[in-house]
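Chemist: Based on what follows, work out the 3D shape:
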Amino acid sequence: MQKIVVINPNSTLAVTEAIDRAMEPLRSAGGPAIECDTLAEGPPGIESDEHIAGVIVPLLQWAERRQDADAIVIACFSDPGLAELRAQSNKPVLGISECAMLTALSLGGKFGILSILPQSVPRHLRYIRALGLEARCAGDLPIGFGVTELEAEPGVFSRLAEVGRSLRDDKGAEVLILGCAGMADYRKRLEDETGLPVVEPSQAAASTDLRACRKSPAASSPRPRSIHAPASGGICRRAASIHDEPVAVRPARRYQRPINQKHVPSENTIRKASDA
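Modeler: Have a look, this model is predicted:
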């Protein structure tokens, strides 16, 4: 059986457990196994550029030990070590931030990101520009809670709801993205509260890895170094729920006449014009 391993680059087990719950609707009998792991060498939360730089080498070492993985998901919204791990591995390696944004493109015109802390926002915006998606980003707003506070603090959801409404009403967001893997348990409640599709990034990345694994049934076969989630597919609002099955979203096709093709009127059109 093939195996997708989702690695939480921080050392907080509660975050890994939240990610694991988000993976449950993606697991199926006979399908690839989805395992969630924790980087013991990581900080309690990845909240700065220094934290990101500090987990790259441990991530590479972890990947060397996890030769049983057929595909890897880096479950941190900063996508730490994504380029380095792709360069080292011949397996699909996905970052949850990249996949979440590409999934959001299929669900609405503009997406809004709910970040943890103010210092996260400039880093996210740099990444959005690097991906060429700044025109599709309505905004990125912090909720003011750190990674380790996301589970225990009673005010987390009310703040998520407040920021989600602000992104919707003030920024024009049509899709919301949870800007930290530790927010996974709040996805469905936030969707119900705001009435907008909410993308849980770890689900978006794991769904893409599932498609990659199904296309390559032999566990020992070579993997491409870089797999990107297609903009035409994603997890739809009703199916991205922690409790629901994911389904692909396929936008309606639009007919476009080729640039060099001239419109030729039919005989009926010509006859009606001459009669007039």
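
Chemist: Could you tell me the backbone phi and psi angles at the residue nearest the centre of the chain?
Modeler: When CA atoms, centre = their mean is applied to the chain, the residue found nearest the centroid is residue 100 (2.0 Å). Taking degrees, to the nearest 10, you get phi -60, psi -40 for the backbone angles of residue 100.

Chemist: my read: it touches residue 204, true?
Modeler: Yes - Residue 100 is within contact range of residue 204, at 4.8 Å (criterion: CB atoms under 8 Å). (Each C-beta comes from the backbone N, C-alpha and C, glycine too.)

Chemist: can you give me the helices in the stretch 151-276 of the chain?
Modeler: With DSSP state H, counting those that start in this stretch, the ranges of helices along the stretch 151-276 of the chain come out as 156-169, 187-194, 201-215, 267-275.

Chemist: deepest of those helices, which one?
Modeler: helix 201-215 (a mean of 24; mean count of other CB atoms under 10 Å).

Chemist: can you tell me which residues contact the residue nearest to the centre of the chain?
Modeler: 77, 177-178, 199-201, 204-205 (CB atoms under 8 Å, 6 or more residues apart in numbering).

Chemist: Now do stretch 57-71: distance to the chain's middle.
Modeler: 21 Å (CA atoms, centre = their mean, to the nearest Å).

Chemist: Just the buried positions in that stretch, please.
Modeler: Residues of stretch 57-71 classed as buried by neighbour count (16 or more other CB atoms under 10 Å): 58-59, 62-63, 66, 69-71.

Chemist: same check, this time on stretch 129-137
Modeler: By neighbour count on 16+ other CB under 10 Å, the buried set for stretch 129-137 is 133, 136-137.

Chemist: Can you tell me which of those residues comes closest to residue 165?
Modeler: Of all those, residue 137 has the smallest distance to residue 165: 17.7 Å, by CB to CB.

Chemist: in the sheet, who's paired with the closest one?
Modeler: Residue 137 forms beta bridges with residue 111, as assigned by DSSP bridges.

Chemist: shouldn't it be in contact with residue 128?
Modeler: Yes - taking contacts as CB under 8 Å, residue 137 lies within contact range of residue 128: 5.2 Å.

Chemist: Any regions of the stretch 51-200 of the chain where pLDDT drops low?
Modeler: Along the stretch 51-200 of the chain, no part satisfies pLDDT under 70.

Chemist: try 90
Modeler: 151-154 (pLDDT under 90).

Chemist: looking at it, residue 96 is touching residue 208, isn't it?
Modeler: No - using CB under 8 Å, residue 96 is not in contact with residue 208; the gap is 10.0 Å.

Chemist: doesn't residue 35 fall inside a strand?
Modeler: Yes - counting by DSSP: H, G, I helix; E, B strand; the rest coil, residue 35 is part of a strand.

Chemist: OK, contacts around it?
Modeler: Counting by CB under 8 Å, 6+ apart, residue 35 has contacts 3-6.

Chemist: Now intersect these with the strands, please.
Modeler: If you go by DSSP state E, these have 3-6 in strands.

Chemist: ranking those residues by neighbours, who comes first?
Modeler: Ranked by neighbour count (other CB atoms under 10 Å), those have residue 4 at the top, with 28 neighbours.
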